[in-house]
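Student: A predicted structure for the sequence below; I have some questions about it.
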Amino acid sequence: MSNDITSQSSLSAPLLELRGITAGAHGCAALLRGVSLTLNHHQCLAVIGPNGSGKSTLLRAVIGEIGLASGHILLDGRPLGSLSRQARARSIALLAQNDMPDLRLTVAEYVGLGRLPHYADFSARQHEEIVDQAIDDTGLPTLRRRLLGTLSGGELQRAGLARAFAQTPRVLLLDEPTNHLDPLARAQLLGLVRARGIATIAVLHDLTLIESFAGRVAVLQHGRLVCCDTPERALVSSCIEPVFGMRSFTVSHPATGQPLKIFEASLRA
Ligand SMILES: Nc1ncnc2c1ncn2[C@@H]1O[C@H](COP(=O)(O)OP(=O)(O)OP(=O)(O)O)[C@@H](O)[C@H]1O
């Protein structure tokens, strides 16, 4: 086993690899079934799928909140399970869907929590600089001393992203990070993530944002991976319609002439 792992650590190996993982909450049928995925350095992978298809479960399995019934998760070719909690927290940050931070914290205090896994390895000054940078990068410098309880939903979302940035992870996991955000703010937040260059897995519901954000898209249905490909190839009717019940069309952008995907969604009672 150890030889196998060593040989995985070459530069060409993916940063994160899920090999046939099956996982579920205690006493439940499997919520993920044989999912295999790879995430390369600096790559953005979008995970899409209907409600309840296992997207959050996938992220929770990667951070070790949910145990695997079978399969392996490797970081740089090493089983994640062989890493200490601290080593894992230094490497992987999660911005969860229903993060409930203590609303009495200031933005700076909250973002500073991202430094905890690195606490002993940096001076107070260095921690402060990293926190300040994360706050600046997410456009929150004027809110540094504000209590979380006074922020709007979108500001709170950006503070959560700043905390994840401050953790300086190698892999960033984002669970519906554009919730609560207006259309411009959604694009801005995903732009911030891309610009950061961290390998990222983001659960997204807004299919129109994916092409400009992600290099690959994983489509989940009933806990199974039904497709993982480039947005161009994955966001087509043959993949999308059986999963979401809606069609996808590629049209020519009226201003730029670039291919543009539109998704047909009809209201259903
Ligand atoms: N602790 C648990 N116990 C029982 N069932 C669970 C548990 N956690 C998740 N589930 C079930 O697992 C399935 C997948 O949940 P998950 O949260 O991963 O879905 P999702 O794709 O992220 O959904 P959404 O888009 O609604 O956020 C759902 O049917 C959910 O009810």
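Tutor: That came through, no problem. The structure presented is a predicted model; accordingly, all values stated were derived computationally and were not measured.

Student: Which of the helices or strands spans residue 69?
Tutor: Counting by DSSP states H and E, the element that carries residue 69 is strand 68-75.

Student: what packs against whichever helix or strand comes after that strand?
Tutor: Sequence order places strand 78-79 as the next helix or strand after strand 68-75, per DSSP H and E. Applying 3 or more Cβ pairs under 8 Å, 6 or more residues apart in numbering; DSSP states H and E, one finds that strand 78-79 contacts helix 2-8. (C-beta placed from N, C-alpha, C; glycine too.)

Student: Run a quick check on residue 137 versus residue 189, I expect a contact.
Tutor: No. The criterion here is Cβ atoms under 8 Å, and residue 137 misses it with residue 189 at 11.3 Å.

Student: Which of the two has more residues huddled nearby?
Tutor: Neighbour tally, residue 137 and residue 189, criterion other Cβ atoms under 10 Å: the higher count belongs to residue 189, 23 against 17.

Student: Now do stretch 128-140: distance to the chain's middle.
Tutor: Distance, stretch centre to chain centre, for stretch 128-140: 20 Å (Cα atoms, centre = their mean, to the nearest Å).

Student: What lies in contact with it?
Tutor: Here stretch 128-140 makes contact (Cβ atoms under 8 Å, 6 or more residues apart in numbering) with 107-108, 111-112, 114-115, 122, 141, 143-144, 155, 158-159, 161-163, 165-166, 168, 188, 192, 196.

Student: in the helix or strand hosting residue 19, what's buried?
Tutor: Following DSSP H and E, one finds residue 19 within strand 16-23. Residues 16, 17, 18, 19, 21, 22, 23 are the ones in strand 16-23 that count as buried (16 or more other Cβ atoms under 10 Å).

Student: sorry, back to before: quick check: can you name the pairing partners of the strand holding residue 69 and their directions?
Tutor: Looking at strand 68-75 with DSSP bridges, its partner strands are strand 16-23 (antiparallel), strand 78-79 (antiparallel).
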